[in-house]
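*Asks:* Everything below, folded, please.
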Amino acid sequence: MSTSPDADSVDALRSHIHSLQTTINELEKQNAELSSRLSGCCCRKMEDEIGCVVDGGGAVDGNGKSMKMDKKTRKKKDFKTGILEHHPRRYVALRLMYFGQRFYGFASEAQLDPTVETPNSFRSESHHTDFGVMQSEIFKALEKTKLLVGDKKKSQYSRCGRTDKGVSSFGQVISLFLRSNLRPKNTDDANNWGLSIDRDVLDAEIDYVRVLNRVLPKDIRVTGWCPVPIDFSARFSCMSREYKYFFWRDNLDIRAMESAGQKFVGDHDFRNFCKMDAFNVHNYKRHITSFELSSCDKRLESNELWCFKIKGSAFLWHQVRCMVAVMFMVGQGLESPDVMDALLDTDGTPRKPQYTMAPEMPLVLQSCEFEGVRFICSSDARQALHVHLEDGYRTYELEAAMAYEALLTCLPQEHGFSDQSLLSTKPKKKAASHISLMSRPTEPSYEERRAKLNPKPEVRELSDQST
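*Replies:* So this is what the prediction gives:
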């Protein structure tokens, strides 16, 4: 018995619908797989077109503000955390510069906001730097750009050094794992594959400098990056550090200061030239490679800008500012260059005389030297950095010109005073008002500080008996 034409049409239609449903299911499965891959990609094309950082379905504009994207391809939870797991990564060193006037130093401290590692908008009651609570300006930018892979422990973060409140740096270095566009060829090479800096490899890699500088505040910039081995430490792999301290010459005796500065060169115990931390630091010997004074080719009428250049393997807490403070006393004729010999002789002078450190603002961590580390900066990132710094320099020059005009205009020029006399160098301090360093009250010695930290013998005996 044959079927009617209507029944054949119905069967054909049902078969076609079933085929379409199968095709739709297959396409939805493929779409899910492609969406999963897309969520972990860094879409460079979109970055260039709209001027933002695009990662994992989220976007950040040049000011660090979130930009709305298609909800179908955006995972809100991953976008908020800014930490991407299970992505290719490489261990890199980042070179940073920052102007420290508004910071309480580079490293985060309890209740001291902001620091370069602790932005003002993130506060914590904890006395420790917690990756999830006490976030940093640097890590805040890394989260916005989704460059972090894992938590702080997995990132293996290290920094070259800490700088004091108000101190700037043009060569601070940190190291950590960051997300990469590249994958190791095999798991055996996972620790060393990222050391290549070939041009074709660099062109395919994330431009870390350009991406991060788009979201960092104006007074912090990344100036270069370099792939480093996994056992690299920004702190312990550093071969030397160089500081600069700027000052106006005024009436300072440059020759006397040069003579005094040479006494620092070599291996010495600098406990009388630092803020002693007897609880954590037990070795106060440091090696100074060079101590130089040089003109900066910058003048203000009859005055001239100079700087100390101090290079060494490592430095103690406040060491440079203490060294400079005593140097200024020598330059003013208040102390002899021989006072350096007495202060460096810790057997004869076990206690540090009380004196005030030099101001922090003119101090700069100029550079940190590492073996085999060559920092990279793309031409686009270098150009943007040049424009940014040039704009800042012009702004400061305008402010300086206005301050100079105020000096000439607002102060009365009477009784024979001229423009030149208003800008004359400072007179020497009277020697009578100065108390010799070796005659001043002293701070406790290292041994005395340690004795206060350690429990008394009788208390220790009672403690032993109680256990």
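
*Asks:* in a helix, that's where H287 is, yeah?
*Replies:* No - H287 sits outside any helix when classified using DSSP: H, G, I helix; E, B strand; the rest coil, being strand.

*Asks:* What does the pLDDT read for it?
*Replies:* On the pLDDT scale, H287 is placed at 97.

*Asks:* likewise N454?
*Replies:* 77.

*Asks:* quick one: the strands in the stretch 351-467 of the chain?
*Replies:* Secondary structure of the stretch 351-467 of the chain by DSSP state E, counting those that start in this stretch: the strands cover 363-370.

*Asks:* which residues of it fall in helices?
*Replies:* Applying DSSP state H, counting those that start in this stretch to the stretch 351-467 of the chain gives helices spanning 379-410, 419-422, 446-453, 457-466.

*Asks:* got JSON lines for the ones you listed, with mean neighbour count too?
*Replies:* For glycine as for every other residue, the C-beta is placed from the backbone atoms N, C-alpha and C. Output for the helices of the stretch 351-467 of the chain, formatted as JSON lines (neighbours: other Cβ atoms under 10 Å):
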{"stretch": "helix 379-410", "mean neighbour count": "12"}
{"stretch": "helix 419-422", "mean neighbour count": "10"}
{"stretch": "helix 446-453", "mean neighbour count": "12"}
{"stretch": "helix 457-466", "mean neighbour count": "9"}
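
*Asks:* Nearest to D347, out of those?
*Replies:* D347 sits nearest to helix 446-453 of all those, at 12.2 Å, using Cβ to Cβ.

*Asks:* hang on, the earlier thing: which of the helices of the stretch 351-467 of the chain sits closest to P362?
*Replies:* Short answer: helix 379-410, nearest of the helices of the stretch 351-467 of the chain by Cβ to Cβ, at 14.2 Å.

*Asks:* which helices and strands does that closest one pack with?
*Replies:* helix 208-213, strand 220-227, helix 419-422 (3 or more Cβ pairs under 8 Å, 6 or more residues apart in numbering; DSSP states H and E).

*Asks:* The same query, at a cut-off of 6 Å, please.
*Replies:* Counting contacts by 3 or more Cβ pairs under 6 Å, 6 or more residues apart in numbering; DSSP states H and E, helix 379-410 packs against helix 208-213.

*Asks:* what does the helix it packs on rub up against?
*Replies:* 53, 141, 145, 221-222, 225, 377, 380-381 (Cβ atoms under 6 Å, 6 or more residues apart in numbering).

*Asks:* Out of those residues, give me the one that has the most neighbours.
*Replies:* In terms of neighbours by other Cβ atoms under 10 Å, those top out with V53 at 28 neighbours.

*Asks:* Mean pLDDT lowest where, among the helices of the stretch 351-467 of the chain?
*Replies:* helix 457-466 (a mean of 44).

*Asks:* Domain ranges for this structure, per the record?
*Replies:* Per automatic domain parsing, the structural domains of the chain span 53-184+191-227, 240-374+427-453.

*Asks:* Out of these, which gets the lowest mean score?
*Replies:* With a mean of 69, domain 53-184+191-227 has the lowest mean pLDDT of those.
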